[in-house]
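>>> Need the 3D shape of this:
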Amino acid sequence: MAPATPTQLEEIVNRQVFAGEANRRFGELTLSDAKMQADQLRMTVGWGPMARVAPVARAWRELALTMERKGVATVGELDPETLMELAPKLWIVPPGGSLL
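Take a look at the predicted model:
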């Protein structure tokens, strides 16, 4: 994977994400927020089209575990390589770079 540019990192941490009851910047999300997202998404996994939610739920769990392991308080404190790796899995940025 190519190194992240400052513009790409800024886009990732500033991306609005619905967490809890409001839209917030991805970079501001806490460990608690990441765990909550993982749990909420895991509860929606089911059959048919809802089975597609499972990888995203796992990615949020991976984010929470990574935050715990690295001892960071917010997503924005993670290193650029981790952010670039996880953002597409979390659908913070679309896998492949575009929905179009």
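
>>> So for the chain, the centremost residue is which one?
By CA atoms, centre = their mean, the mean C-alpha position of the chain lies nearest to Leu90, the distance being 3.9 Å.

>>> Show the contacting residues for that residue.
Residues near Leu90 by CB atoms under 8 Å, 6 or more residues apart in numbering: 56, 59-60, 63. Every residue, glycine included, has its C-beta placed from N, CA and C.

>>> Highest neighbour count among the residues you listed?
Leu63 (27 neighbours; other CB atoms under 10 Å).

>>> Kindly list the longest helix within this structure.
Secondary structure assigned by DSSP state H gives helix 54-70 as the longest helix of the chain.

>>> Now do the buried residues in it.
56-57, 59-64, 66-67 (16 or more other CB atoms under 10 Å).

>>> got the buried residues for whichever helix or strand comes after that helix?
Downstream of helix 54-70, the first helix or strand assigned by DSSP states H and E is helix 80-90. Neighbour counts over helix 80-90 (16+ other CB under 10 Å) mark 82-87, 89-90 as buried.

>>> Generate TSV for those residues, with distance to Met36 and pLDDT as supplementary columns.
Output for the buried residues of helix 80-90, formatted as TSV (distance: CB to CB, whole Å; pLDDT from 0 to 100):
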residue	distance to Met36	pLDDT
Thr82	20	96
Leu83	19	96
Met84	23	94
Glu85	21	95
Leu86	16	96
Ala87	19	95
Lys89	17	95
Leu90	14	95
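
>>> still on that earlier bit, other SSEs contacting the longest helix of the chain?
Contacts defined by 3 or more CB pairs under 8 Å, 6 or more residues apart in numbering; DSSP states H and E place helix 54-70 against helix 31-44, helix 80-90.

>>> Could you say which one of those helices comes nearest to Thr7?
helix 80-90 (11.8 Å; CB to CB).
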